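# fold the following and give me the result.
(2 chains)
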Amino acid sequence: MATTHTRVLAARAIAAALTIIAAAAICSIPFWSTPSGAADKSRLTIGMSQYPATLSPVFESMMAKAYVLAMARRPITVYDQDWRPTCLVCTKLPSLEDGTAVWETAENGDPGIAISYTLNPAAVWGDGTPVTTDDVLLSVEIGQDPQTGALNAELFRRIDKVTVQDDKSFTLHMNKRTCNFENIAGLALLPNHIERPIYEADPQSYRRRTAYDADPTNPGLWFGPYRVARVAVGQSILLERNPSWWGPEPYFDEIEVRAIQNTSALIANLLAGDIDMIAGELGLAADQALGFESRSGDDYQFLYKSGLVYEHIDVNLDTPSLTDLRVRQALIHGIDRQAISEQLFQGKQPVAHGNVNPLDKWYDPDVPKYDYDPTKSVELLKDAGWDAGPDGIRVKDGERLTLTFQTTAENKTRELVQQVIQNQWRAIGVEAVLKNEQPRIFFADTITKRAFDGVVMYAWLSAPESIPFSTLHSSQIPTEENAWQGQNYPGYNSPEMDETIDRLETDCADEDQRVLWSDLQARYARDLPVLPLYFRAEPYVLPKNMTGLRPTGHQYPSSLWVEEWRLTE
Amino acid sequence: MLSYTARRLAESLLVLLAVSFASYILIGLMPGDPVDLMFADDPEITAEDIARLKALYGLDRPLLERYGHWLGNAVSGEFGYSRLYQQPVGDILMPRLLASLQLLGTSTVLGLMLAIPLGVLAAARANSATDYGINLFCFAGISVPPFWLALMLIAYIAVPVAWIPAGGSAEPGSGMLETLRHMLLPVLALTLAEIGGFTRFMRGAMLQTLGQDYMRTARAKGASARRQLFGHALRNALLPLVTVIALSFGTLFSGTLITEAIFSWPGMGVMIYEAIMGNDYNLALIGLMIATAFTLLANIAADIAYAALDPRITARGGDDGP
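Numbering: from 1, shown residues only, chains lettered A, B, ... in the order given. As a prediction, the model looks like this:
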């Protein structure tokens, strides 16, 4: 009996001791403490919320892929951080002035243009094979082959033929004149010595057999500052220095890119030191980053770059109440976009006054602007015949001014903005009925087939100097007859706008372009087929001592200049 | 027993066929298709290109025709390529399946090792402070949202303790210790989530068993408390737990989804979810088939085990089978 009692006492003592130790351990843990790891020169670990579906530069358009590949290979040309076209693999951009771009007549008799490039003489693939015009020819061949399903079909359709001067110099003969002809980022160089035999064996299945996915650690596939050293499918990609790199030496020995889809887990991984930085291109939403900054702002460097992701509200111009311009003007005057920008995003996501970003070369600062003015909204609505009803909602001919307001469900930022706008519209007598949908349904059915009868909020992604043909030209209104082709979802039909857009494609003199772009922006603001909201910002969370990373704000990622990234001591 | 097992396996094949059909049709009816998703980030893609690519990938063909084509290939062992990873489906699936089994197997074993003694203790001291304490712990485990628990584990363990990773899996060839290090938090999260249910079930089964006549007989014969609990009650109370364990395999993939997502664990749950959302037909369908097959096989195994463990039950091929 005494033995049993002693045993019980001993067990209780041990249990009590363990409890005390556990409690002490728990109490000593600081919640969201300082980072336990720190980046060093040997390896930089980047977290982002998406994993690339492929490492082939010619299939699938994904930012995750562009981000990773930018460190291991380079487009011939891109737009730089200042949104100017620039050479990365060529020696200079073609221009009409020095004869490297020449107007000519295309094979089909249409006005065309011949543009000449010279590849950087030092450029070599990771296995030492020089980058040559053979690689250009293969890239064009694969791009033009309808069996491959390659990206950038529009660019390859424009190429009539390629003439080769030598191993490094070539001319593209384009069957369509465009004003921003110098940018051929869509022509992704492929290593002829590796990919040609794979492609020629069976063009239709080339997509599945490309060495970029079958043998991604083959050094001969890469010609950037880094090359792919290891791929853990769905999880991470490790890049190591490319000994054959022909540009400035990068700082980090290795870069690992990890995909962590859940953004809370992304932050937790950063705090735990498992990752060193969060990519702005594919990481946190601005409001999430701002919240994180308020808690851990001293431990990291936060950069915000607003760019080409343009949040806006499309208006269905076939809905009777919305055909009246005064109602659309009332709606935009009724939204306090400045307050939304400042209160929700601390000004990091600036108000958009049109579809052209202020960083774009053709932005017109004199574009008409709609300030928050609810009094004016009320006047405009009254003027349009909408008088206040008994519950404050305006009525005309017995019909209430009620709009269905749709956006993507589960996008917390959008839903928050939507609720703010709903309240502000209610204050001017407009009832917004919220009806949000899963992104797949929203984008695949509701938007694409114009199955909304009120307004829809979402974002456009465009490129610098991108002419909004598909979104504003009247030929691009999706209908059942044209199999829902086109992206002019508001149903905007303006012959004047059509003419401006058509001329933007062909009138290339700088002064003509400036006039046409100004006209486009003024007409967009005047007709209000779309209510502009704000330009989204990409938040970068970096180590405190990191320098050299310059966000771009457009579709060409910051990692294209990875060799400039450094850590200060 | 053999004919019973054969019949159950044949029935399972029919279920698999039905699930494959339903899954294919449901995924196919979802708005958007692979081509829409492939070029979602391409601002310069034209509607004509989209139409051409849909024809190239056969997405313009009727859904039933596409299903027939897929089924024919699948039956001949050709599972196709994953759209999301550009790899043969088998190459993607096997490591993921092993990773999920590794996680779920470890957490289930750990969960049972803790839940069985806790359940027995709670039943033996029913309505005491110990019982209430165990119940509180169980309800906390059942009620806490998995994503919250996972994030708290990262915040309170991975952040301050540098050697415990917040997510991911060990690099290939990095050894057992590295693997265990990466498994620590996800296994802990899953184990804590599982213990509650198992313990409550064990407690209930034990209480029921302790009230049986044969337990009264054992007590009357002067069996010690330990012998009553472990020699008589536990063996009988464990029988229904076999079914619960088998059913828990049904959640092999769905149940670990959130844990896998938060800890970036490369398992089946996240993979199936991503494949469905990404319209990766080949990967999603084979993943769902495997999940279904596991559930069916686990149930057959449970029935057979039940019959083997309980002499009162026999497994026969007729209607009176288990």
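# which residues of the chain score low on pLDDT?
By default, I'm working from chain A. Across chain A, the ranges flagged by pLDDT under 70 are A:1-39.
# oops, chain B please
Low-confidence segments of chain B (pLDDT under 70): B:37-47, B:250-255, B:313-322.
# the helices in it, which residues?
With DSSP state H, the ranges of helices along chain B come out as B:2-29, B:34-38, B:47-56, B:63-75, B:89-124, B:129-143, B:146-153, B:176-210, B:213-220, B:225-226, B:234-248, B:257-262, B:268-277, B:281-309.
# tell me which of the ones you listed sits nearest to chain A.
helix B:47-56 (3.2 Å; Cβ to the nearest Cβ). C-beta coordinates here come from the backbone N, C-alpha and C atoms, glycine included.
# okay, buried residues for that closest one please.
Buried positions in helix B:47-56, judged by neighbour count with 16 or more other Cβ atoms under 10 Å in any protein chain shown: B:Ala47, B:Asp49, B:Ile50, B:Arg52, B:Leu53, B:Lys54, B:Leu56.
# stretch A:338-351 now?
A:Ile340, A:Ser341, A:Leu344, A:Phe345, A:Lys348, A:Gln349, A:Pro350, A:Val351.
# what do you get for stretch B:20-32?
Counting neighbours by 16+ other Cβ under 10 Å, the buried set in stretch B:20-32 is B:Ser20, B:Ser23, B:Tyr24, B:Ile27, B:Gly28, B:Pro31, B:Gly32.
# about what we covered before: in JSON lines: the helices of chain B, plus distance to chain A.
Shown next, in JSON lines, are the helices of chain B (distance: least, Cβ to the nearest Cβ, whole Å):
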{"stretch": "helix B:2-29", "distance to chain A": "11"}
{"stretch": "helix B:34-38", "distance to chain A": "5"}
{"stretch": "helix B:47-56", "distance to chain A": "3"}
{"stretch": "helix B:63-75", "distance to chain A": "14"}
{"stretch": "helix B:89-124", "distance to chain A": "6"}
{"stretch": "helix B:129-143", "distance to chain A": "11"}
{"stretch": "helix B:146-153", "distance to chain A": "6"}
{"stretch": "helix B:176-210", "distance to chain A": "10"}
{"stretch": "helix B:213-220", "distance to chain A": "20"}
{"stretch": "helix B:225-226", "distance to chain A": "12"}
{"stretch": "helix B:234-248", "distance to chain A": "21"}
{"stretch": "helix B:257-262", "distance to chain A": "5"}
{"stretch": "helix B:268-277", "distance to chain A": "7"}
{"stretch": "helix B:281-309", "distance to chain A": "11"}
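# out of these, which is closest to A:Leu44?
Ranking the helices of chain B by their distance to A:Leu44 (criterion: Cβ to Cβ) puts helix B:176-210 first, at 20.4 Å.
# report the inter-axis angle for the closest one versus helix B:234-248.
With axes from the mean of the first three to the mean of the last three Cα atoms, to 10 degrees defining the directions, helix B:176-210 sits at 120 degrees from helix B:234-248.
# which other helices and strands contact helix B:176-210?
Helix B:176-210 sits against helix B:89-124, helix B:129-143, helix B:146-153, helix B:234-248, helix B:257-262, with contacts defined as 3 or more Cβ pairs under 8 Å, 6 or more residues apart in numbering or on different chains; DSSP states H and E.
# gap between that helix and the chain center?
Going by Cα atoms, centre = their mean, to the nearest Å, the spacing between the C-alpha centre of helix B:176-210 and its chain's C-alpha centre is 13 Å.
# which parts of the stretch 301-450 of chain A are helices?
Per DSSP state H, counting those that start in this stretch, the stretch 301-450 of chain A has helices spanning A:320-323, A:325-333, A:337-339, A:345, A:374-383, A:412-427, A:439-441. These are given in chain order.
# which residues are contacting the first one?
The contact list for helix A:320-323, computed with Cβ atoms under 8 Å, 6 or more residues apart in numbering or on different chains, reads A:Val315, A:Asn316, A:Leu317, A:Val327, A:Arg328, A:Lys396, A:Glu399, A:Leu401, A:Leu403, A:Gly454, A:Val455.
# do the same with the fourth one
Helix A:345 is contacted by residues A:Ala286, A:Asp287, A:Leu290, A:Tyr534, A:Ala537 when judged by Cβ under 8 Å, 6+ apart.
# near B:Met152, how many residues? Count them for me, please.
As a burial measure, B:Met152 scores 14 neighbours (other Cβ atoms under 10 Å in any protein chain shown).
# re the thing from before, so for A:Gly149, which of the helices of the stretch 301-450 of chain A sits nearest?
Distances from A:Gly149 to each of the helices of the stretch 301-450 of chain A were compared using Cβ to Cβ; the minimum, 21.5 Å, belongs to helix A:439-441.
# packing partners for the helix or strand immediately after that closest one in the chain?
The first helix or strand that comes after helix A:439-441 along the chain, using DSSP states H and E, is strand A:455-461. Contacts defined by 3+ Cβ pairs under 8 Å, 6+ apart place strand A:455-461 against strand A:300-315, strand A:402-406, helix A:412-427, strand A:530-543.
# need these in TSV (columns: distance to chain B and mean neighbour count).
Formatted as TSV, these follow (distance: least, Cβ to the nearest Cβ, whole Å; neighbours: other Cβ atoms under 10 Å in any protein chain shown):
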stretch	distance to chain B	mean neighbour count
strand A:300-315	9	21
strand A:402-406	14	21
helix A:412-427	15	17
strand A:530-543	14	24
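# and these as TSV, adding distance to A:Val378?
Rendered in TSV, the data for the helices and strands packed on strand A:455-461 read as follows (distance: least, Cβ to Cβ, whole Å):
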stretch	distance to A:Val378
strand A:300-315	19
strand A:402-406	16
helix A:412-427	9
strand A:530-543	17
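# give me the number of residues near the closest residue to B:Met30 other than its chain neighbours?
Computed as Cβ to Cβ, 6 or more residues apart in numbering or on different chains, the closest residue to B:Met30 that is not its neighbour in sequence is A:Arg440, at 6.3 Å. Around A:Arg440 sit 16 other residues, with neighbours defined as other Cβ under 10 Å.
# so what's A:Arg440 up against?
With contact taken as Cβ under 8 Å, 6+ apart, A:Arg440 is in contact with B:Met30, B:Pro31, B:Gly32, B:Met277.
# next: B:Ile154.
Contacts for B:Ile154 were tallied using Cβ under 8 Å, 6+ apart; they are A:Ala265, A:Ala268, A:Asn269, A:Leu271, A:Ala272, B:Ala166, B:Gly167, B:Leu185, B:Ile262, B:Phe263.
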